[in-house]
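Engineer: sharing a sequence plus its predicted fold:
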Amino acid sequence: MNASTMEQRIAEAVRFIEEEIPYAPEVGLILGSGLGVLADLMEDVTVIHYEEIPFFPVSTVEGHAGELLVGTIGGRKAVLMKGRFHLYEGYDVASVAFPVRVMRALGVQSLLVTNAAGGVNTGYRPGDLMLIHDHVNLMFRNPLIGRNEEALGVRFPDMSQAYSARLIEAAREAADQLGIRLEEGVYAGMLGPSYETPAEIKMLRTLGADAVGMSTVPEVIAARHAGIEVLGISCITNMAAGILNQPLSHAEVVETAERVKESFLELVSAVLPKL
């Protein structure tokens, strides 16, 4: 997909969405496995199924509904992805990042990305919430590879603050006020879909990762390229391979996300007005 074609596809998707919604969103939200409950907080909602939107991929993973919602949440006009796309589904990295580019063209200035992640840091426990303050891209894919189009962003975007220090501080303050304990750490993005081996988890810990997952990184790169401010929150749904000496399952991921949904909703509700 070359840059000029990308712009055309973005424009066509945006035209379709704008015909369906009453106003331009200011805030974007991308929800990970089991975290779609956040959509229940939206008011005056317009629901658009992914398959209706020109050039949008379709989510194929359990726990990802495959709907784009536009409405108000926390007093903000928002567009919310209830379900995301992954490289392991067979999509190329440009397709995975495409919705973020569409969000920016719709008017989004800040983005909250959430994910279900495995705990690499042995001090974590399932059900913990972790603020992402940096990531390691071990997917070895980048949505910016290829000809750059200046209308979408600069050729060499700075990633020294991929996750906004301002928004991280706002999340810390909100958590303190609510009495919610937050971890903070580095998210490692892997291709998947197989879970990591114990040896790979040891490698990730040596590299400085605190949590591991199969999403988020391409979206954040595309967001920063577009000048969108990003806040990332991981729900630690299980301990990574080799830590508890037990097999991993997606069912556990969704079950743990369900268990912590109340504190997750409280935190996001408190942070959204500051995005």
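Structural biologist: Here it is on my side, so go on. In this text the structure is predicted, and so the values were computed from the model without any measurement. Numbering: from 1, shown residues only.
Engineer: what residues of stretch 156-169 count as buried?
Structural biologist: 157, 162, 163, 164, 167, 168 (16 or more other CB atoms under 10 Å). Heads up, the C-betas are built off the backbone N, CA and C, glycines and all.
Engineer: would you turn those into CSV with secondary structure, distance to residue 231 and pLDDT?
Structural biologist: Below are the buried residues of stretch 156-169 laid out as CSV (DSSP: H, G, I helix; E, B strand; the rest coil; distance: CB to CB, whole Å; pLDDT from 0 to 100):
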residue, secondary structure, distance to residue 231, pLDDT
157, coil, 18, 94
162, coil, 11, 97
163, coil, 7, 98
164, coil, 6, 97
167, helix, 4, 97
168, helix, 7, 97
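Engineer: just give me the closest of these to residue 77.
Structural biologist: Of all those, residue 77 sits closest to residue 167, with 17.6 Å by CB to CB.
Engineer: can you tell me the element the closest residue in space to the closest one that isn't next to it in sequence falls in?
Structural biologist: Leaving aside its chain neighbours, residue 167 sits nearest to residue 231 (3.9 Å; criterion: CB to CB, 6 or more residues apart in numbering). According to DSSP states H and E, residue 231 maps onto strand 229-239.
Engineer: quick one: the next helix or strand after that strand to strand 229-239, angle?
Structural biologist: Remark: after strand 229-239, the chain's next helix or strand is helix 250-259, criterion DSSP H and E. Calculated by axes from the mean of the first three to the mean of the last three CA atoms, to 10 degrees, helix 250-259 forms an angle of 120 degrees with strand 229-239.
Engineer: oh, and call the first residue 35 from now on, that's how I've got it
Structural biologist: Sure thing, new numbering starts at 35, so read that last one as helix 284-293.
Engineer: on that earlier part again, which helices and strands does the strand holding residue 265 pack with?
Structural biologist: Applying 3 or more CB pairs under 8 Å, 6 or more residues apart in numbering; DSSP states H and E, one finds that strand 263-273 contacts strand 144-153, strand 163-171, helix 199-212, strand 216-223, strand 245-247, helix 251-259, helix 284-293, helix 295-305.
Engineer: what's the closest of these to residue 44?
Structural biologist: helix 251-259 (11.2 Å).
Engineer: so where's the stretch 35-184 of the chain uncertain?
Structural biologist: Residues of the stretch 35-184 of the chain meeting the criterion pLDDT under 70: 35-38, 68, 93-99.
Engineer: mind listing the helices for it?
Structural biologist: 37-54, 127-140 (DSSP state H, counting those that start in this stretch).
Engineer: show me what stretch 300-309 is in contact with.
Structural biologist: Stretch 300-309 has contacts (CB atoms under 8 Å, 6 or more residues apart in numbering) with 61, 72, 75, 107-110, 112, 144, 146, 148, 163, 201, 204-205, 208-209, 211-212, 214, 216, 263, 265, 267.
Engineer: filter these down to the buried ones, PyMOL style.
Structural biologist: To isolate the buried subset of the contacts of stretch 300-309 in PyMOL, counting by 16+ other CB under 10 Å, use the following:
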select buried, resi 61+72+75+107+108+110+112+144+146+148+163+201+204+205+208+209+214+216+263+265+267
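Engineer: quick revisit: can you dump the C-alpha atoms of the strand holding residue 265 in PDB for me?
Structural biologist: Taking Å, rounded to 0.1, in the frame of the first residue of the first chain, the C-alpha atoms of strand 263-273 are listed here in PDB:
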ATOM      1  CA  GLU A 263      -0.700  12.100  22.300                       C
ATOM      2  CA  VAL A 264      -0.900   8.600  23.700                       C
ATOM      3  CA  LEU A 265      -1.700   7.000  27.100                       C
ATOM      4  CA  GLY A 266      -1.300   3.300  27.400                       C
ATOM      5  CA  ILE A 267      -2.700   0.900  30.100                       C
ATOM      6  CA  SER A 268      -2.000  -2.800  30.300                       C
ATOM      7  CA  CYS A 269      -4.200  -5.200  32.300                       C
ATOM      8  CA  ILE A 270      -1.900  -7.900  33.600                       C
ATOM      9  CA  THR A 271      -4.200 -10.900  32.900                       C
ATOM     10  CA  ASN A 272      -1.700 -13.700  33.600                       C
ATOM     11  CA  MET A 273       1.900 -14.200  34.500                       C
END
